[in-house]
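> my questions are about this predicted structure, shown below with the sequence.
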Amino acid sequence: MPDQSDNAYNQRIESAFEEELRSEEGGLAQLLQALRELTVRAVEVVAQGEGVEDTEQRLEAATEELKDRAAQAVAQAQTRGRDRMERAHAQGYEDAAAALGAASSVPDWSPDASGVDPYERAPFSGNAQLFVQSSIEEEVEYLRQDLKYIRKYVTEDRYAQAVANVLAKGDQEIVQALADRGVDLESFDASDLKGRAADVFRNTKARGAADIRGVLKDTQPEELASRRPQLWRRVKRNGTDSLPRVLDEVAKDLAADSPAVELVEWNLSSRHDGLRSSPDECDLLARQNLYDFGAGVYHPKTTPSHPHPNCECSIRVVTKERQAWGRTTNERPDAFDIREEEVRELLQGVPGERTITDAHVSRVAQHTRAVVAQAHDNPR
């Protein structure tokens with residue numbers, strides 16, 4: 001019977017996770033669109049400047065508005081994700097009870113994870129909204145450095161369009177959206193630019209070539225950060241890395257609170273096997289039998305957080321026998337042991353072309369220890 005209630009409960013959680021991150025109507029897609037629209041608005045305001053002084057003033061005002069509204073968009077997406085996962089757990093709880101034919105005799109439970117902060121446990125520091133604002137400030141500082149070179153070569157009447165081009169970073173969706181509003185960035189003639197100024201414009205066009213949505217879906221963050229640092233700054237700037245983390249942390253905290261949940265199973269992302277970093281910490285978390293509950297299975301109070309940015313691994317719950325709903329069935333572990341020889345064996349058992357070096361084993365073991373220790377030091 002637990003298998004039947006497991007499936008009923010997990011279907012709701014997994015659907016919420018998939019729809020929020022991968023659906024065209026999901027929270028991630030909506031956030032990407034909102035941030036793109038905010039950027040279009042900022043570029044449009046700057047492009048309408050008249051001369052250097054007016055353009056600089058417009059840039060400052062547009063930047064402040066972009067910072068505030070981008071942070072608001074991220075906060076709204078996080079709130080939506082929390083609410084969506086709370087509803088999923090409530091529906092999953094009801095479905096699991098119904099699958100057991102015990103809907104009228106289970107403990108009352110109203111999920112509440114609205115106060116969950118994904119940054120409390122995950123091995124990342126800072127606040128998502130503040131991060132978005134500071135990242136935009138950093139990008140604008142780079143922009144101002146670039147403009148020092150460009151001002152040497154453009155006349156006053158062309159300055160606003162030059163700034164707008166650099167601000168748009170060659171993103172063709174932004175360029176097209178502006179064209180639809182009557183702002184033609186492509187009409188800017190950069191043929192007279194020289195030296196560093198010419199490089200700025202060439203790099204600007206190249207930076208906009210990759211689609212951020214595709215990067216988020218298909219590229220391992222660490223690999224992208226080293227291979228294309230400028231593009232990685234763009235990806236980080238939009239703040240979307242917080243969404244999978246919010247969904248995951250809320251789901252894990254609610255699982256720890258649910259009267260029906262006995263254990264939690266680490267569920268690898270469907271795209272994980274294709275990442276260049278694999279096998280990595282996520283593979284270890286999904287395969288290690290840390291507490292003798294089974295491979296990749298954890299006590300709900302000590303389920304680890306995501307081990308790296310943009311991780312899209314999720315959870316599956318293991319429900320209790322009906323008569324145990326509302327009662328503690330497993331004591332929370334107070335210790336764990338991750339040994340490198342076991343880590344090596346588990347990683348070598350993962351299909352893939354990556355060579356399992358001593359350095360890689362040591363890094364994965366050390367990082368996994370830190371993630372698991374955080375869950376022990378701050379139980380759910």
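Received the coordinates, thanks.
> okay, now the unreliable bits of the chain?
Residue ranges of the chain with pLDDT under 70: 1-2, 119, 121-126, 206-239, 273-276.
> okay, now the domains of it?
2-237, 258-377 (automatic domain parsing).
> of these, which is nearest Lys252?
Checking the domains of the chain against Lys252 by CB to CB gives domain 258-377 as the closest, at 4.8 Å. In short, each C-beta sits where N, CA and C put it, glycine included.
> start to end distance for the closest one?
End-to-end distance for domain 258-377, by CA to CA, to the nearest Å: 21 Å.
> return the distance of that domain from the chain's centre.
Distance of domain 258-377 from its chain centroid, counting by CA atoms, centre = their mean, to the nearest Å, is 19 Å.
> over to stretch 40-50?
With CA atoms, centre = their mean, you get 29 Å for stretch 40-50.
> kindly report the same for stretch 11-31.
Distance, centroid of stretch 11-31 to centroid of chain: 12 Å (CA atoms, centre = their mean).
> and that stretch, end to end?
Terminal-residue distance, stretch 11-31 (CA to CA): 25 Å.
> what about the nearest residue to Asp112 once chain neighbours are set aside, which SS state?
In this structure, Asp112 finds its nearest non-sequential neighbour in Glu86, 7.0 Å apart by CB to CB, 6 or more residues apart in numbering. Following DSSP: H, G, I helix; E, B strand; the rest coil, Glu86 is assigned to helix.
> related to what we said a few turns ago, how about the domains of the chain in a markdown table, adding mean neighbour count and distance to Val246?
As requested, the domains of the chain are exported to a markdown table (neighbours: other CB atoms under 10 Å; distance: least, CB to CB, whole Å):
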| stretch | mean neighbour count | distance to Val246 |
| --- | --- | --- |
| domain 2-237 | 18 | 5 |
| domain 258-377 | 18 | 10 |
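> quick one, what contacts Asn330?
262-263, 293, 299 (CB atoms under 8 Å, 6 or more residues apart in numbering).
> distance check, the residue most central in space within the chain against Val372.
For the chain, the residue nearest the mean C-alpha position is Asp241 (2.0 Å; CA atoms, centre = their mean). Per CB to CB, to the nearest Å, Asp241 is found 21 Å from Val372.
> ok, now Thr302?
7 Å.
> same deal with Leu147?
In terms of CB to CB, Leu147 sits 47 Å off from Val372.
> next one: Ser104
39 Å.
> which residues sit against stretch 180-197?
Residues contacting stretch 180-197 (CB under 8 Å, 6+ apart): 40, 43-44, 47-48, 149-150, 152-154, 158, 161-162, 164-165, 168, 175, 178-179, 198, 200-201.
> hmm, I was thinking of stretch 76-86
Residues contacting stretch 76-86 (CB under 8 Å, 6+ apart): 13, 16-17, 19-20, 27-28, 30-31, 34, 111-114, 116, 128, 240, 242-243, 246-247, 250-251, 254.
> can you give me the strands in this protein?
With strands called from DSSP state E, the chain shows them at 261-267, 297-298, 314-319.
> touching, Gln48 and Arg58? I think so.
Yes: taking CB atoms under 8 Å as the definition, Gln48 is a contact partner of Arg58 at 7.1 Å.
> okay, and the common contacts of these two?
Looking at what touches both Gln48 and Arg58 (by CB under 8 Å, 6+ apart), the common residues are Ala160.
> wait, what's in contact with Ala251?
Ala251 neighbours (CB under 8 Å, 6+ apart): 13, 17, 85, 88-89, 314-315.
> now do 7 Å
Ala251 sits next to 13, 85, 314-315 when contact means CB atoms under 7 Å, 6 or more residues apart in numbering.
> ok, of the residues you listed, which one's closest to Lys67?
Met85 (27.6 Å).
> any idea how far the closest one lies from Pro304?
18 Å.
> how about Arg327?
25 Å.
> same check on Val183?
Val183 is 48 Å from Pro304, by CB to CB.
> repeat for Gly49
In terms of CB to CB, Gly49 sits 50 Å off from Pro304.
> where exactly do the helices run in the stretch 1-150 of the chain?
2-22, 27-47, 51-99, 118-121, 128-150 (DSSP state H, counting those that start in this stretch).
> now Glu173. Nearest residue, chain neighbours left out?
Arg36 (6.3 Å).
> right, and Ala71 touches Gln133 too?
Yes: using CB atoms under 7 Å, Ala71 is in contact with Gln133, at 5.3 Å.
> kind regards, and thank you for your time.
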